[in-house]
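*Asks:* Based on what follows, work out the 3D shape:
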Amino acid sequence: MGGAIAIETFGLCKTYDAATAVDNLSFQVHSGEIFGLLGPNGAGKSTTLRMLMTLLRPSGGRATVMGHDVVRDPERVRATIGYVPQERALDRFLTGREHLLLLGDLYHLPKPEARRRIDEILTLVDLNAKADLPAKTYSGGMKRKLDIACGLLPNPTVLFLDEPTLGLDVPSRLRIWDYIRTLKARGITILMTTNYLDEADQLCDRIAIIDSGRIKALGSPSELKAGLGGDSLSLTVSPQGRPRLEQFAAALKELSAVRSVTTTTTGVDVRVESSEKALQVVLDTANRLECRLDSIEYHRPRLDDVFIAYTGRAIKEEFPKPEEE
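*Replies:* Residues are numbered from 1 along each chain as shown. The predicted structure is shown next:
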(Lines give C-alpha, C1' and ligand atoms only; values in the text may rest on other atoms or scores of the structure.)
Protein backbone atom coordinates (compact mmCIF):
# COMPACT_ATOMS: atom_id res chain seq x y z
CA MET A 1 0.00 0.00 0.00
CA GLY A 2 1.59 3.29 -1.08
CA GLY A 3 0.73 6.93 -0.55
CA ALA A 4 1.63 9.52 2.05
CA ILE A 5 2.65 8.50 5.56
CA ALA A 6 0.24 9.62 8.29
CA ILE A 7 1.96 8.00 11.29
CA GLU A 8 5.52 6.75 11.66
CA THR A 9 7.36 5.30 14.64
CA PHE A 10 11.09 4.69 14.94
CA GLY A 11 12.18 2.31 17.72
CA LEU A 12 9.45 3.60 20.05
CA CYS A 13 9.88 2.47 23.67
CA LYS A 14 8.13 3.01 26.99
CA THR A 15 9.43 1.69 30.30
CA TYR A 16 8.08 2.03 33.82
CA ASP A 17 10.83 1.41 36.40
CA ALA A 18 12.00 -2.11 35.49
CA ALA A 19 8.96 -2.99 33.35
CA THR A 20 8.95 -2.51 29.57
CA ALA A 21 5.49 -1.74 28.18
CA VAL A 22 6.53 -0.94 24.59
CA ASP A 23 9.76 -2.31 23.17
CA ASN A 24 11.35 -0.88 20.00
CA LEU A 25 8.23 -0.45 17.85
CA SER A 26 8.78 0.69 14.26
CA PHE A 27 5.92 0.91 11.77
CA GLN A 28 4.22 3.23 9.27
CA VAL A 29 0.53 4.00 8.80
CA HIS A 30 -0.43 5.24 5.34
CA SER A 31 -2.90 8.08 4.86
CA GLY A 32 -6.46 6.83 4.49
CA GLU A 33 -5.91 3.29 5.77
CA ILE A 34 -7.26 1.45 8.80
CA PHE A 35 -4.24 0.13 10.70
CA GLY A 36 -4.75 -2.22 13.63
CA LEU A 37 -2.65 -3.01 16.67
CA LEU A 38 -3.76 -6.56 17.51
CA GLY A 39 -2.81 -8.21 20.77
CA PRO A 40 -3.99 -9.37 24.18
CA ASN A 41 -4.58 -7.06 27.13
CA GLY A 42 -1.24 -5.80 28.45
CA ALA A 43 0.52 -6.15 25.09
CA GLY A 44 1.34 -2.42 24.91
CA LYS A 45 -1.36 -1.33 22.44
CA SER A 46 -2.97 1.44 24.51
CA THR A 47 0.43 2.68 25.71
CA THR A 48 1.49 3.05 22.06
CA LEU A 49 -1.68 5.04 21.32
CA ARG A 50 -1.09 7.37 24.26
CA MET A 51 2.45 8.11 23.13
CA LEU A 52 1.26 8.88 19.60
CA MET A 53 -1.42 11.21 21.03
CA THR A 54 1.22 13.04 23.16
CA LEU A 55 -0.38 11.87 26.43
CA LEU A 56 2.72 9.84 27.37
CA ARG A 57 6.33 10.76 26.72
CA PRO A 58 8.33 7.97 25.05
CA SER A 59 11.27 6.52 26.99
CA GLY A 60 13.12 6.00 23.71
CA GLY A 61 12.78 6.25 19.96
CA ARG A 62 10.51 8.78 18.30
CA ALA A 63 7.24 9.10 16.43
CA THR A 64 5.53 11.50 14.04
CA VAL A 65 1.86 12.13 13.23
CA MET A 66 1.22 13.94 9.93
CA GLY A 67 4.90 14.82 9.92
CA HIS A 68 4.86 16.42 13.40
CA ASP A 69 7.10 14.98 16.12
CA VAL A 70 5.04 13.86 19.14
CA VAL A 71 7.62 15.20 21.63
CA ARG A 72 8.92 18.33 19.87
CA ASP A 73 5.61 19.50 18.38
CA PRO A 74 2.75 18.13 20.52
CA GLU A 75 0.37 21.04 19.84
CA ARG A 76 0.45 20.43 16.08
CA VAL A 77 -0.08 16.70 16.63
CA ARG A 78 -3.12 17.38 18.83
CA ALA A 79 -4.55 19.71 16.19
CA THR A 80 -4.70 16.84 13.66
CA ILE A 81 -6.09 13.99 15.78
CA GLY A 82 -9.31 12.68 17.32
CA TYR A 83 -9.54 10.03 20.03
CA VAL A 84 -12.17 7.49 21.10
CA PRO A 85 -11.01 6.01 24.42
CA GLN A 86 -11.68 2.52 25.71
CA GLU A 87 -13.32 3.86 28.87
CA ARG A 88 -16.37 6.06 28.45
CA ALA A 89 -16.48 9.46 30.13
CA LEU A 90 -20.13 10.31 29.51
CA ASP A 91 -22.33 12.32 31.89
CA ARG A 92 -25.49 10.24 32.09
CA PHE A 93 -27.69 13.33 32.66
CA LEU A 94 -26.46 15.28 29.62
CA THR A 95 -28.03 14.67 26.21
CA GLY A 96 -25.92 13.53 23.29
CA ARG A 97 -26.08 17.01 21.76
CA GLU A 98 -25.09 18.63 25.07
CA HIS A 99 -22.01 16.39 25.28
CA LEU A 100 -20.92 17.57 21.85
CA LEU A 101 -21.67 21.26 22.59
CA LEU A 102 -19.60 21.06 25.78
CA LEU A 103 -16.76 19.45 23.85
CA GLY A 104 -17.03 22.16 21.19
CA ASP A 105 -16.44 24.77 23.92
CA LEU A 106 -13.40 22.84 25.15
CA TYR A 107 -12.01 22.85 21.59
CA HIS A 108 -12.80 26.61 21.33
CA LEU A 109 -14.90 26.03 18.22
CA PRO A 110 -17.00 29.06 17.18
CA LYS A 111 -20.65 28.39 18.10
CA PRO A 112 -22.01 28.38 14.50
CA GLU A 113 -19.24 26.03 13.34
CA ALA A 114 -19.75 23.77 16.36
CA ARG A 115 -23.50 23.46 15.71
CA ARG A 116 -22.91 22.74 12.02
CA ARG A 117 -20.30 20.08 12.84
CA ILE A 118 -22.52 18.53 15.52
CA ASP A 119 -25.49 18.18 13.14
CA GLU A 120 -23.23 16.61 10.51
CA ILE A 121 -21.65 14.15 12.96
CA LEU A 122 -24.96 13.14 14.55
CA THR A 123 -26.17 12.26 11.05
CA LEU A 124 -22.99 10.31 10.33
CA VAL A 125 -23.32 8.12 13.42
CA ASP A 126 -27.11 7.87 13.13
CA LEU A 127 -27.93 9.52 16.45
CA ASN A 128 -30.18 12.36 15.23
CA ALA A 129 -33.35 10.84 16.63
CA LYS A 130 -31.81 10.36 20.09
CA ALA A 131 -29.60 13.47 20.19
CA ASP A 132 -31.78 15.34 22.70
CA LEU A 133 -32.35 12.45 25.09
CA PRO A 134 -30.13 12.02 28.18
CA ALA A 135 -27.22 9.60 27.78
CA LYS A 136 -28.59 7.44 30.62
CA THR A 137 -31.33 6.30 28.19
CA TYR A 138 -28.76 5.14 25.59
CA SER A 139 -27.92 1.50 24.92
CA GLY A 140 -24.30 0.32 24.87
CA GLY A 141 -24.12 0.64 21.09
CA MET A 142 -25.57 4.18 21.16
CA LYS A 143 -23.07 5.25 23.82
CA ARG A 144 -20.26 3.97 21.63
CA LYS A 145 -21.65 5.96 18.69
CA LEU A 146 -21.62 9.06 20.89
CA ASP A 147 -18.00 8.28 21.85
CA ILE A 148 -17.11 8.17 18.15
CA ALA A 149 -19.03 11.40 17.53
CA CYS A 150 -16.98 13.09 20.29
CA GLY A 151 -13.76 11.86 18.65
CA LEU A 152 -14.85 13.30 15.30
CA LEU A 153 -15.83 16.76 16.55
CA PRO A 154 -12.40 18.37 16.03
CA ASN A 155 -12.54 17.25 12.36
CA PRO A 156 -9.44 15.05 12.67
CA THR A 157 -7.15 13.88 9.90
CA VAL A 158 -6.15 10.91 12.07
CA LEU A 159 -8.54 9.10 14.43
CA PHE A 160 -7.35 6.85 17.26
CA LEU A 161 -9.81 4.14 18.37
CA ASP A 162 -8.97 2.19 21.53
CA GLU A 163 -10.89 -1.13 21.53
CA PRO A 164 -13.84 0.42 19.61
CA THR A 165 -16.35 -2.42 20.19
CA LEU A 166 -15.26 -3.75 23.59
CA GLY A 167 -18.24 -5.15 25.48
CA LEU A 168 -20.83 -4.66 22.72
CA ASP A 169 -23.17 -7.37 21.47
CA VAL A 170 -22.72 -8.71 17.93
CA PRO A 171 -25.33 -6.52 16.14
CA SER A 172 -23.90 -3.39 17.80
CA ARG A 173 -20.37 -4.40 16.89
CA LEU A 174 -21.34 -4.87 13.23
CA ARG A 175 -22.97 -1.42 13.16
CA ILE A 176 -19.87 0.23 14.66
CA TRP A 177 -17.76 -1.56 12.02
CA ASP A 178 -19.95 0.02 9.35
CA TYR A 179 -19.38 3.50 10.83
CA ILE A 180 -15.62 2.91 10.93
CA ARG A 181 -15.68 1.92 7.23
CA THR A 182 -17.67 5.10 6.50
CA LEU A 183 -14.96 7.18 8.21
CA LYS A 184 -12.28 5.53 6.08
CA ALA A 185 -14.34 6.30 2.96
CA ARG A 186 -14.30 9.96 4.01
CA GLY A 187 -10.50 9.90 3.93
CA ILE A 188 -9.81 9.68 7.67
CA THR A 189 -6.74 7.67 8.68
CA ILE A 190 -7.62 5.28 11.53
CA LEU A 191 -5.28 3.61 14.00
CA MET A 192 -7.19 1.20 16.21
CA THR A 193 -6.34 -1.27 18.94
CA THR A 194 -8.23 -4.53 19.34
CA ASN A 195 -7.94 -7.97 20.85
CA TYR A 196 -10.77 -9.27 18.67
CA LEU A 197 -9.35 -11.37 15.83
CA ASP A 198 -12.50 -11.06 13.70
CA GLU A 199 -12.46 -7.27 14.09
CA ALA A 200 -8.87 -7.01 12.87
CA ASP A 201 -9.61 -9.40 10.00
CA GLN A 202 -12.75 -7.59 8.85
CA LEU A 203 -11.74 -3.95 9.30
CA CYS A 204 -8.00 -3.47 8.99
CA ASP A 205 -6.05 -2.87 5.79
CA ARG A 206 -2.94 -3.89 7.72
CA ILE A 207 -2.24 -5.09 11.24
CA ALA A 208 0.72 -5.26 13.57
CA ILE A 209 0.53 -8.25 15.91
CA ILE A 210 1.88 -7.06 19.26
CA ASP A 211 2.85 -9.26 22.18
CA SER A 212 4.81 -8.23 25.28
CA GLY A 213 5.39 -4.77 23.81
CA ARG A 214 6.98 -6.02 20.57
CA ILE A 215 5.76 -6.33 17.00
CA LYS A 216 5.74 -10.01 16.08
CA ALA A 217 4.31 -9.67 12.56
CA LEU A 218 3.07 -6.90 10.27
CA GLY A 219 1.04 -7.01 7.05
CA SER A 220 -2.47 -7.26 5.68
CA PRO A 221 -4.62 -10.01 7.24
CA SER A 222 -4.70 -11.86 3.91
CA GLU A 223 -0.89 -11.61 3.50
CA LEU A 224 -0.27 -12.88 7.02
CA LYS A 225 -2.66 -15.81 6.57
CA ALA A 226 -1.25 -16.70 3.16
CA GLY A 227 2.28 -16.49 4.56
CA LEU A 228 1.61 -19.42 6.88
CA GLY A 229 0.87 -21.73 3.96
CA GLY A 230 -0.60 -25.19 4.34
CA ASP A 231 -3.78 -26.22 6.14
CA SER A 232 -4.75 -26.76 9.77
CA LEU A 233 -6.15 -29.85 11.46
CA SER A 234 -7.72 -29.45 14.90
CA LEU A 235 -7.79 -32.85 16.60
CA THR A 236 -9.89 -33.48 19.71
CA VAL A 237 -8.58 -36.44 21.71
CA SER A 238 -11.04 -38.53 23.74
CA PRO A 239 -10.76 -38.17 27.55
CA GLN A 240 -9.38 -41.74 27.76
CA GLY A 241 -6.59 -40.88 25.34
CA ARG A 242 -5.52 -37.57 26.93
CA PRO A 243 -2.90 -39.09 29.26
CA ARG A 244 -1.00 -39.89 26.01
CA LEU A 245 -1.52 -36.41 24.53
CA GLU A 246 2.09 -35.25 24.94
CA GLN A 247 3.37 -38.51 23.45
CA PHE A 248 0.95 -38.09 20.52
CA ALA A 249 2.08 -34.48 19.93
CA ALA A 250 5.75 -35.53 20.00
CA ALA A 251 5.10 -38.31 17.46
CA LEU A 252 3.25 -35.91 15.13
CA LYS A 253 6.23 -33.51 15.15
CA GLU A 254 8.36 -36.30 13.66
CA LEU A 255 6.12 -36.67 10.59
CA SER A 256 7.46 -35.12 7.36
CA ALA A 257 3.97 -33.94 6.33
CA VAL A 258 3.57 -31.93 9.56
CA ARG A 259 4.86 -28.36 9.83
CA SER A 260 3.99 -27.56 13.44
CA VAL A 261 2.06 -28.94 16.40
CA THR A 262 0.38 -26.95 19.19
CA THR A 263 -1.08 -28.78 22.19
CA THR A 264 -4.50 -27.61 23.41
CA THR A 265 -6.45 -28.55 26.54
CA THR A 266 -8.43 -31.21 24.63
CA GLY A 267 -6.10 -32.22 21.80
CA VAL A 268 -3.68 -30.81 19.25
CA ASP A 269 -3.72 -28.26 16.43
CA VAL A 270 -1.55 -29.44 13.54
CA ARG A 271 -0.34 -27.35 10.60
CA VAL A 272 0.32 -29.55 7.57
CA GLU A 273 1.57 -29.11 4.02
CA SER A 274 -1.58 -30.69 2.60
CA SER A 275 -4.51 -32.05 4.59
CA GLU A 276 -5.11 -34.73 1.93
CA LYS A 277 -1.56 -36.08 2.25
CA ALA A 278 -1.23 -35.70 6.01
CA LEU A 279 -4.59 -36.94 7.27
CA GLN A 280 -3.91 -40.67 6.86
CA VAL A 281 -0.49 -40.59 8.57
CA VAL A 282 -1.96 -38.49 11.42
CA LEU A 283 -4.74 -41.08 11.89
CA ASP A 284 -2.23 -43.93 11.71
CA THR A 285 -0.14 -42.27 14.43
CA ALA A 286 -3.20 -41.86 16.67
CA ASN A 287 -4.14 -45.53 16.20
CA ARG A 288 -0.59 -46.73 16.85
CA LEU A 289 -0.49 -44.85 20.17
CA GLU A 290 -4.08 -45.87 21.05
CA CYS A 291 -4.98 -42.19 21.25
CA ARG A 292 -8.60 -42.18 20.13
CA LEU A 293 -9.84 -39.04 18.38
CA ASP A 294 -13.33 -37.67 19.05
CA SER A 295 -13.29 -35.15 16.20
CA ILE A 296 -11.16 -33.68 13.41
CA GLU A 297 -11.69 -30.18 12.00
CA TYR A 298 -9.95 -28.89 8.89
CA HIS A 299 -9.57 -25.25 7.87
CA ARG A 300 -7.45 -22.87 5.84
CA PRO A 301 -5.16 -20.52 7.81
CA ARG A 302 -7.02 -18.03 10.03
CA LEU A 303 -5.83 -14.97 11.90
CA ASP A 304 -5.73 -16.91 15.18
CA ASP A 305 -3.37 -19.38 13.47
CA VAL A 306 -1.17 -16.41 12.52
CA PHE A 307 -1.15 -15.17 16.12
CA ILE A 308 -0.19 -18.62 17.44
CA ALA A 309 2.51 -19.02 14.77
CA TYR A 310 4.21 -15.73 15.70
CA THR A 311 3.69 -15.68 19.47
CA GLY A 312 3.55 -19.38 20.37
CA ARG A 313 0.18 -19.05 22.10
CA ALA A 314 -3.45 -18.21 21.42
CA ILE A 315 -4.75 -14.70 21.94
CA LYS A 316 -7.08 -14.48 24.94
CA GLU A 317 -9.97 -12.40 23.66
CA GLU A 318 -11.72 -10.41 26.39
CA PHE A 319 -15.48 -10.68 26.21
CA PRO A 320 -17.18 -8.58 28.90
CA LYS A 321 -20.92 -8.94 29.34
CA PRO A 322 -22.35 -7.46 26.12
CA GLU A 323 -24.34 -4.24 26.19
CA GLU A 324 -27.22 -4.48 23.77
CA GLU A 325 -28.22 -2.00 21.06
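*Asks:* looking at the sheet around Val65, what are its partners?
*Replies:* Going by DSSP bridges, Val65 is paired in beta bridges with Ile7, His68.
*Asks:* Enumerate every residue touching it.
*Replies:* Neighbouring residues of Val65 by Cβ atoms under 8 Å, 6 or more residues apart in numbering: 6-7, 52, 77, 80-81, 158. Heads up, the C-betas are built off the backbone N, CA and C, glycines and all.
*Asks:* Same question for the helix or strand containing Glu246: list its buried residues.
*Replies:* For Glu246, the host element (DSSP states H and E) is helix 245-253. Taking 16 or more other Cβ atoms under 10 Å as the neighbour-count basis, helix 245-253 is seen to contain the buried residues 245, 248-249, 251-252.
*Asks:* Can you list the neighbours in contact with it?
*Replies:* Counting contacts by Cβ under 8 Å, 6+ apart, the residues outside helix 245-253 that touch it are 237, 241, 258, 261, 263, 267-268, 270, 282, 285-286, 288-289, 291.
*Asks:* Run the chain-centre distance for it.
*Replies:* Average the C-alpha atoms of helix 245-253, do the same for its chain, and the two points are 33 Å apart (Cα atoms, centre = their mean, to the nearest Å).
*Asks:* which stretches of the chain form helices?
*Replies:* Counting by DSSP state H, the chain forms helices over residues 45-52, 74-80, 96-106, 111-124, 140-152, 170-185, 197-203, 221-228, 245-253, 275-288, 303-311, given from the N-terminal end onward.
*Asks:* Dump those helices to TSV, plus mean pLDDT and distance to Thr64.
*Replies:* What follows is these, written out as TSV (pLDDT from 0 to 100; distance: least, Cβ to Cβ, whole Å):
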stretch	mean pLDDT	distance to Thr64
helix 45-52	94	9
helix 74-80	93	8
helix 96-106	91	25
helix 111-124	90	27
helix 140-152	88	21
helix 170-185	90	21
helix 197-203	93	24
helix 221-228	88	25
helix 245-253	92	45
helix 275-288	88	46
helix 303-311	86	27
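*Asks:* among those, which is nearest His30?
*Replies:* Comparing the helices of the chain against His30 with Cβ to Cβ, the closest turns out to be helix 170-185 (11.6 Å).
*Asks:* Type out the PyMOL command that picks the buried ones from the contacts of helix 245-253.
*Replies:* The buried subset of the contacts of helix 245-253, as determined by 16+ other Cβ under 10 Å, is captured in PyMOL by this line:
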select buried, resi 237+241+258+261+267+268+270+282+285+286+289+291
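*Asks:* Just the ones of the contacts of helix 245-253 in strands?
*Replies:* When strands are assigned by DSSP state E, the members of those inside them are 237, 258, 261, 263, 267-268, 270.
*Asks:* how does this protein divide into domains?
*Replies:* 5-225, 230-300 (automatic domain parsing).
*Asks:* wait, isn't Asn195 in contact with Leu38?
*Replies:* Yes. With contacts counted by Cβ atoms under 8 Å, Asn195 reaches Leu38, the gap being 7.1 Å.
*Asks:* between the two, who's got more neighbours?
*Replies:* With neighbours defined as other Cβ atoms under 10 Å, Asn195 and Leu38 compare such that Leu38 has more, 29 against 22.
*Asks:* any idea how far that one is from Arg76?
*Replies:* 29 Å (Cβ to Cβ, to the nearest Å).
*Asks:* for Leu94, same thing?
*Replies:* 31 Å.
*Asks:* I'd like the helices of the chain laid out as a markdown table, including distance to Asp17.
*Replies:* Shown next, in a markdown table, are these (distance: least, Cβ to Cβ, whole Å):
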| stretch | distance to Asp17 |
| --- | --- |
| helix 45-52 | 14 |
| helix 74-80 | 24 |
| helix 96-106 | 33 |
| helix 111-124 | 41 |
| helix 140-152 | 32 |
| helix 170-185 | 36 |
| helix 197-203 | 31 |
| helix 221-228 | 34 |
| helix 245-253 | 38 |
| helix 275-288 | 48 |
| helix 303-311 | 25 |
